[in-house]
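# Give the three-dimensional model of this entry:
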Amino acid sequence: MTAVAELDDITGLLGGLFGGGSDGSGPDIDPETLLRILEIISKLGENDKNTELLNALRPHLRAENRPKLDRAANLMKIMSILPLLRDGGFLDGIFGQRR
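Now for the predicted structure:
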């Protein structure tokens, strides 16, 4: 199966989940937007060198400080996807128009 066919299958599945479809019953999911969303989701699952450093520090922290480390790691992940959100147009209207 080609990547385009797989993308069409995923688009159809998500369209069915969200009430969309080619029969006009709801909004179709744009394949390009779907690719951007999948890229963002995959980026969230990755560990960069900063989160790996935080994870390496975990055993050396007291138990009461570990939740702070978790919050810092989550913020780093959010910061890493902001450029993808901006470039994908997902932040348009929130922080002003894209330039």
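# and the longest helix for the protein?
Longest helix of the chain, by residue count under DSSP state H: helix 66-87.
# in that helix, what counts as buried?
For helix 66-87, the neighbour count (16 or more other CB atoms under 10 Å) marks A73, K77, S80, I81, L84, L85 as buried. In short, each C-beta sits where N, CA and C put it, glycine included.
# tell me which strands and helices it is in contact with?
When contacts are defined as 3 or more CB pairs under 8 Å, 6 or more residues apart in numbering; DSSP states H and E, helix 66-87 packs onto helix 31-45, helix 49-57.
# Turn those into a markdown table, columns for mean pLDDT.
Shown next, in a markdown table, are the helices and strands packed on helix 66-87 (pLDDT from 0 to 100):
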| stretch | mean pLDDT |
| --- | --- |
| helix 31-45 | 82 |
| helix 49-57 | 90 |
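# Rebuild the ones you listed as TSV, extending it with distance to D92.
As requested, those are exported to TSV (distance: least, CB to CB, whole Å):
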stretch	distance to D92
helix 31-45	12
helix 49-57	28
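# out of these, which comes closest to L91?
Between L91 and the helices and strands packed on helix 66-87, the tightest spacing by CB to CB is seen for helix 31-45, at 11.7 Å.
# Now do the closest one and helix 66-87, the angle between them.
Interaxial angle, helix 31-45 versus helix 66-87 (axes from the mean of the first three to the mean of the last three CA atoms, to 10 degrees): 160 degrees.
# From L61, how far out is E39?
Relative to L61, E39 is positioned 32 Å away (CB to CB, to the nearest Å).
# Where does pLDDT dip in the protein?
By pLDDT under 70, the low-scoring segments of the chain are 1-29, 95-99.
# Can you tell me which of the buried residues of helix 66-87 is nearest E32?
Lowest distance from E32 to the buried residues of helix 66-87 (CB to CB) belongs to L84, with 13.4 Å.
# Please report how far the closest one lies from H60.
From L84 to H60 the distance is 32 Å (CB to CB).
# With L85 instead?
From L85 to H60 the distance is 33 Å (CB to CB).
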